[in-house]
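Asks: Got a predicted structure here, sequence first:
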Amino acid sequence: MKEEKFILKGKRLEEIQDFCKSIGVEAFRAKQLYTGIYKNRYTSISQFTTFSKELIAKISENAEFPEIQLGRQLISKDGTRKFTFEVEPGKEIETVWIPTADEERKTICISSQVGCTLNCAFCATGLLEYKGNLHAWQILDQIIQVEKIVGDRATNIVFMGMGEPMHNYFSVMKAAHILHDKDAFGLGAKRITISTAGVVTGITRFIENKEPFNFAISLNHPNPNTRHTIMDVNVKHPLEKLLAVARKFTQDLDRMITFEYVLIPDVNMGRENADRLVKIARSVNKCKINVIPLNTDFTQWRRPTEDEVGEFVSYLRAKAGVPILNRQSPGRDINGACGMLALKGTRKEVEV
């Protein structure tokens, strides 16, 4: 059986150093490979012009630069672009390029799983069949491919696409550290945001490892007795434990945490919900809340009106004592906004 080649993309410098040693290549070549792949975005060994033909042949014989394959691209009227990539035969993900109007901030929303291990009731991705975790190289290649297509570099990366990042913790964090490395992508830690629906064990590991990246929790319901009706993660990781670990995050790391809150009329926008959310904000203290009007329409729920959103946000701003941001929904017309990824794919047989 033919031995599989070493995949250079998605590897840390130390791993590439070990690879070079294993094939008898000088140690200093590892750093050149590392910076060439990530900083220079080389896509083949032949682009390393400082390498001899013999060295190129030796590395090519033992290693490769695989790429995820672009399936289709949709462009929104607001400039957002959504890309479908095939990561393996029969396995597709979606990735979103989100520039601000002034293009000062250019964000790529990346996926960490094919489908999702969770089934949040308002999220289209949760209706898809889960087909596995992405490898670190498949996570990073979303950024490389999108930047190549749009002809620009991202200023921010958010792990808020398809999948639950904390259920693919090690590949996600490996990718995040490569994004942060000055010799690789060189993004500041505050420009990289990891999110979770509320997997307490993953957040605890994040705290113990003192990870430097921004962190967001999809809260979406402040009542511990009813959150499970829209967030199935709450069954295994109850709200009380989630809030306890959120407080530990802010205390141990001395950093702000973000709560994401999808606004659903008659589900989580009542005054009693707002009051509970205020109490949560005050108890965590070092946090901010991003509210997001419901984007999907496959349930019986409706999207809130602008007046309803304004009233809810105004109440929170007056009571909570923490920053409240009304996140808009860029890319909604191409099913690229929050909760909409894979809406048009094959759905699981579930009640919604």
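Replies: Nice, I can see it.

Asks: so which strand or helix has residue 83?
Replies: Secondary structure assigned from DSSP states H and E places residue 83 in strand 81-88.

Asks: Run the chain-centre distance for that strand.
Replies: Strand 81-88 sits 14 Å away from the centroid of its parent chain (CA atoms, centre = their mean, to the nearest Å).

Asks: and what of stretch 66-78?
Replies: 17 Å.

Asks: For this protein, give me the ranges with low pLDDT.
Replies: 1-2, 343-352 (pLDDT under 70).

Asks: looking at it, which residue ends up farthest from its center?
Replies: residue 54 (39.8 Å; CA atoms, centre = their mean).

Asks: check contacts around that residue.
Replies: By CB atoms under 8 Å, 6 or more residues apart in numbering, no residues touch residue 54. For glycine as for every other residue, the C-beta is placed from the backbone atoms N, C-alpha and C.

Asks: May I have the secondary structure class of it?
Replies: On the three-state scheme (DSSP: H, G, I helix; E, B strand; the rest coil), residue 54 is labelled helix.

Asks: Could you find the closest non-adjacent residue to residue 140?
Replies: Nearest non-adjacent residue to residue 140, counting by CB to CB, 6 or more residues apart in numbering: residue 175, 5.2 Å away.

Asks: tell me which residues in the helix or strand harbouring that neighbour are buried?
Replies: Remark: residue 175 resides in helix 169-180, with elements defined by DSSP H and E. Residues of helix 169-180 classed as buried: 169, 171-180 (neighbour count, 16 or more other CB atoms under 10 Å).

Asks: before we move on, what about stretch 219-227?
Replies: The neighbour-count check on stretch 219-227 (16+ other CB under 10 Å) flags 219-222, 227 as buried.

Asks: From those, pick the one nearest residue 274.
Replies: Of all the buried residues of stretch 219-227, residue 274 sits closest to residue 222, with 8.4 Å by CB to CB.

Asks: Thought residue 270 was touching the closest one, still the case?
Replies: No - with contacts counted by CB atoms under 8 Å, residue 222 stays clear of residue 270, the gap being 10.3 Å.

Asks: Domain-wise, how is this structure divided?
Replies: 7-64, 69-334 (automatic domain parsing).

Asks: List just the one of those domains that sits closest to residue 342.
Replies: domain 69-334 (4.9 Å).

Asks: Now do the end-to-end distance for that closest one.
Replies: Domain 69-334 has an end-to-end distance of 20 Å (CA to CA, to the nearest Å).

Asks: Work out the gap between that domain and the centre of the chain.
Replies: 6 Å.

Asks: Now residue 108. Its backbone dihedrals?
Replies: The phi and psi values for residue 108, taken as degrees, to the nearest 10, are phi -110, psi 120.

Asks: On the strand side of things, show who it bridges to.
Replies: Judged by DSSP bridges, the bridge partners of residue 108 are residue 97, residue 157.

Asks: So what's the residue count around it?
Replies: Using other CB atoms under 10 Å, residue 108 has 24 neighbouring residues.

Asks: ranges for the helices of the stretch 251-352 of the chain?
Replies: Listed in chain order, the helices of the stretch 251-352 of the chain (DSSP state H, counting those that start in this stretch) span 271-284, 306-319.

Asks: so which of those helices comes closest to residue 61?
Replies: Among the helices of the stretch 251-352 of the chain, helix 271-284 comes nearest to residue 61, with 53.9 Å by CB to CB.

Asks: Can I get the helix or strand hosting residue 215 as CSV, trimmed to CA atoms?
Replies: Secondary structure from DSSP H and E places residue 215 in strand 214-218. Provided in CSV are the C-alpha atoms of strand 214-218 (Å, rounded to 0.1, in the frame of the first residue of the first chain):
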residue,chain,number,x,y,z
ASN,A,214,-11.8,36.5,22.2
PHE,A,215,-14.6,34.2,23.4
ALA,A,216,-18.3,34.2,22.7
ILE,A,217,-21.2,32.1,24.2
SER,A,218,-24.5,31.7,22.3
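
Asks: Between helix 271-284 and that strand, find me the angle.
Replies: Here strand 214-218 runs at an angle of 150 degrees relative to helix 271-284 (axes from the mean of the first three to the mean of the last three CA atoms, to 10 degrees).

Asks: partner strands of strand 214-218, parallel or antiparallel?
Replies: Checking strand 214-218 against DSSP bridges gives partners strand 192-196 (parallel), strand 257-263 (parallel).

Asks: just to revisit the earlier point, in terms of contact, does the residue nearest to residue 140 touch residue 135 like I think?
Replies: No - with contact defined as CB under 8 Å, residue 175 does not reach residue 135; the gap is 9.0 Å.

Asks: anything in contact with each of those two?
Replies: residue 10.

Asks: Just the buried positions in stretch 132-147, please.
Replies: Applying 16+ other CB under 10 Å to stretch 132-147 flags 133-147 as buried.

Asks: Check stretch 69-76 too.
Replies: Quick answer for stretch 69-76 (16+ other CB under 10 Å): 74, 76.
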